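Participant: What follows is a protein structure lacking sequence information:
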Ligand code: 5GP
C-alpha cells in the first residue's frame with residue numbers, strides 16, 4: 001500500500017495530462033471529475049503525494065479539508081444547489097480507484113439521485129462550462 005507516482009492524478013499535477021482546473025494553492029489542486037455523477041462534480045487533491053486518508057500527513061489533510069470547504073461552498077452557489085455531497089474512498093475495498101488522495105464534491109438537488117458509474121466520459125465542452133460556473137463562484141467569494 002505504497003504511493004505510486006504513475007497514478008492519473010499525479011500525472012494531472014505534473015501537467016502530463018490535461019484537466020479542467022478550478023483552483024490551486026501551495027498545497028492543493030481542484031479540478032472537474034471527468035466522469036461526473038452529477039453536474040459540477042469536482043475533486044480536491046493534495047499536491048504532496050499520499051495514497052489516501054490512511055497515509056496522508058496531517059498538514060496536507062488539513063489543507064485539503066480547507067480547499068474542500070471552499071469548493072463545496074462554491075459549487076452550492078454556482079449551481080444554486082440544495083446541498084453538497086462530499087465523498088472520499090480508501091483502498092479498493094473502500095471503493096477507491098485512483099490512488100492519490102482525493103475528495104469528491106457533488107452538488108445535490110432535492111429528489112435527484114446521483115448518476116450511476118457508467119465509465120463514460122463527459123463532453124469536454126460541458127466540463128468546461130461547469131468549470132467556468134464554479135470558477136466564477138470562487139472569484140465572487
Ligand atoms: P475514486 O478513486 O474515489 O473511486 O474515484 C476516482 C474518480 O476519478 C472517479 O470519479 C473518476 O471519474 C475520476 N477520474 C478517473 N480518471 C480521471 C481523469 O483522467 N481525469 C479526471 N479529471 N478524473 C478522473
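Facilitator: Structure received. Everything numeric here is computed off the predicted structure, so don't read it as measured data. Residues are numbered from 1 along each chain as shown.

Participant: Distance check, the residue lying farthest from the centre of the chain against the ligand.
Facilitator: What lies farthest from the middle of the chain is residue 111; by C-alpha atoms, centre = their mean that is 22.9 Å. According to C-beta to the nearest ligand atom, to the nearest Å, residue 111 and the ligand sit 23 Å apart. Yep, even glycine has a C-beta here, placed from its N, CA and C like the rest.

Participant: From residue 126, how far out is that residue?
Facilitator: 22 Å (C-beta to C-beta, to the nearest Å).

Participant: now swap in residue 67 and tell me
Facilitator: Using C-beta to C-beta, we find residue 67 at a distance of 23 Å from residue 126.

Participant: What is the burial count for residue 67?
Facilitator: Neighbouring residues of residue 67 were enumerated by other C-beta atoms under 10 Å; the total is 23.

Participant: check contacts around it.
Facilitator: With contact set as C-beta atoms under 8 Å, 6 or more residues apart in numbering, residue 67 has these partners: 23, 25, 27, 28, 30, 44.

Participant: Show me which of those is closest to the ligand.
Facilitator: residue 30 (10.5 Å; C-beta to the nearest ligand atom).

Participant: Right, I'll call it a day here.
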